[in-house]
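Peer 1: This is a predicted model, with the sequence first.
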Protein chains: 2
Amino acid sequence: MADKKQIPAPTLGRICTYIRVLERSTGCSISSAAIAEAAGVNAAQVRKDLSYLGEFGQAGVGYDVGELREALKHLMGLDRPRHVVIVGAGALGSALITYPGFEARGFRVVAVFDNNPAKIGHRLRGHLILPADELAERIAELGAEIGVIAVPRTTAQAVADALVQAGIKAIVNFAPVLLRVPETVAVRNVDLTQQLECLAYYLQD
Amino acid sequence: MADKKQIPAPTLGRICTYIRVLERSTGCSISSAAIAEAAGVNAAQVRKDLSYLGEFGQAGVGYDVGELREALKHLMGLDRPRHVVIVGAGALGSALITYPGFEARGFRVVAVFDNNPAKIGHRLRGHLILPADELAERIAELGAEIGVIAVPRTTAQAVADALVQAGIKAIVNFAPVLLRVPETVAVRNVDLTQQLECLAYYLQD
DNA sequence: CAGTGTGAAGCGCTTCACAGCT
DNA sequence: AGCTGTGAAGCGCTTCACACTG
């Protein structure tokens, strides 16, 4: 990714949590302490995070729930839908197609790709599986902005290259490998096995 | 989790990466610079991380690949298999049952639970779906140590409570909610939607 | 020499503490 | 009184730099 260093990455993650807290919140105003309690963080942290988008709070009262929620969504770029393509029609890719949280939050899966001829042309959870070599043209015509890599480790880099070539600027990578992409492309790695491995450490002694 | 503060959490994550680098490495000795290059981190970082388990390197040469790999696996508690239970037989839970990385790294899925009567008793990818109210007894008899929560947000806390009650000390949580568990239980949250949300931020301007 | 191990510096995020506003 | 916004302190991870070793 480019610079964008205005807001620290940890803050971005927490802001997503704050948005969810606000969406489930009933009252019309909420204090930083209440947000902090629900999000599992320090109240000063909440205020510092929120200060990145200007002064929203009312001293002595707190924050307007609706106003803050919309401001945070706007800040995160969540005020318009995003088109997502999934590469890899295996078990994981299949699960991601219908993952309820995606559609509910404005992420629309617009295409699913695979390079297995036995899968191409078949329907998977309502989506026609497209050949991976059509990535570039499909991404352009569908206006996709985010690519999800759900292929085996050995083909992940090739898929990433193809996505970058197609103009994708944001990638979620489920393959346990370090992707080499231009600095202008943002990558989030999700290593499911690593989660278990880290837990194994704490299971000892 | 308890204290365990000897090794910082970021280091634990990187050590998992180092293990993979070593498993794919061909030579019999490797330098911190080579590990760093493959893992995408700083070489000094690698040496500092490795120094947590004593002095393994040979000055002027590097580290013995096999020896270091086994030492790291032992440190992480990966030198014996772990039994995993998955709660939630939806699309995500289903994908996790056969996730190739789990079995390959010693994590064996020994049971799958759901509370939907329509699913209980049916087979899913080779596993009989068990009723969620049998969690405690099954976990005990199967010797499960890790629980994976792949249920909707609204039931995640109840599942976590049941897992804790059953003696589980390590949880991977896919539900977008803050779990309240005793300090003795380690939790790793994996919020798939949040990955996309953070990327949306970088897609702006 | 090439490369490790590590004290010290650097850096960035987190938390405190309090002035200021309502 | 209650709560925000923020400078300053605190803290922990990262990186540097170099003495030391085979």
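Peer 2: Perfect, thanks for sending it. Numbers count the residues shown, from 1 in each chain, chains lettered A, B, ... in the order given.

Peer 1: What are the contacting residues of the helix or strand hosting residue A:159?
Peer 2: Secondary structure from DSSP states H and E places residue A:159 in helix A:153-165. Applying Cβ atoms under 8 Å, 6 or more residues apart in numbering or on different chains, the external contacts of helix A:153-165 come out as A:85, A:87-88, A:115, A:132, A:135-136, A:139, A:147, A:149, A:151, A:171, A:173, A:175-177, A:179-182, A:185, A:187. Using the backbone N, CA and C atoms, a C-beta is placed for each residue, glycine as well.

Peer 1: which residues does the residue nearest the centre of chain A contact?
Peer 2: In chain A, the centroid-proximal residue (Cα atoms, centre = their mean) is residue A:172; its distance is 7.0 Å. Residue A:172 makes contact with A:146, A:147, A:148, A:149, A:187, A:188, A:190, B:192, B:195, B:196, B:199, according to Cβ under 8 Å, 6+ apart.

Peer 1: Then residue A:174?
Peer 2: A:88, A:92, A:148, A:149, A:150, A:190, A:191, A:192.

Peer 1: one step back: now rank the contacts of residue A:172 by neighbours and give me the top one.
Peer 2: Within the contacts of residue A:172, most neighbours by other Cβ atoms under 10 Å in any protein chain shown means residue A:148, with 32 neighbours.

Peer 1: And what about that one, helix, strand or coil?
Peer 2: Secondary structure state of residue A:148, per DSSP: H, G, I helix; E, B strand; the rest coil, is strand.

Peer 1: in the sheet, who's paired with it?
Peer 2: Beta-bridge partners recorded for residue A:148 (DSSP bridges): residue A:86, residue A:172.

Peer 1: Which positions in stretch A:60-67 come out as buried?
Peer 2: A:62, A:63, A:64, A:65 (16 or more other Cβ atoms under 10 Å in any protein chain shown).

Peer 1: near DNA strand D, anything from the longest helix that chain A contains?
Peer 2: For chain A, the helix with the greatest residue count under DSSP state H is helix A:9-24. No: applying Cβ under 7 Å from any atom of the strand, one finds helix A:9-24 separated from DNA strand D by no less than 11.5 Å.

Peer 1: now that helix: mean pLDDT?
Peer 2: The pLDDT scores in helix A:9-24 average 98.

Peer 1: and the next element down the chain from it?
Peer 2: Past helix A:9-24, the next helix or strand by DSSP H and E is strand A:29-30.

Peer 1: Work out the gap between that next one and the centre of the chain.
Peer 2: With Cα atoms, centre = their mean, to the nearest Å as the basis, strand A:29-30 stands 27 Å off its chain's centre.

Peer 1: how's chain A carved up into domains?
Peer 2: Using automatic domain parsing, the domain parsing of chain A gives A:4-76, A:82-195.

Peer 1: deepest of those domains, which one?
Peer 2: Ranked by mean neighbour count, the domains of chain A are led by domain A:82-195 with a mean of 19 (mean count of other Cβ atoms under 10 Å in any protein chain shown).
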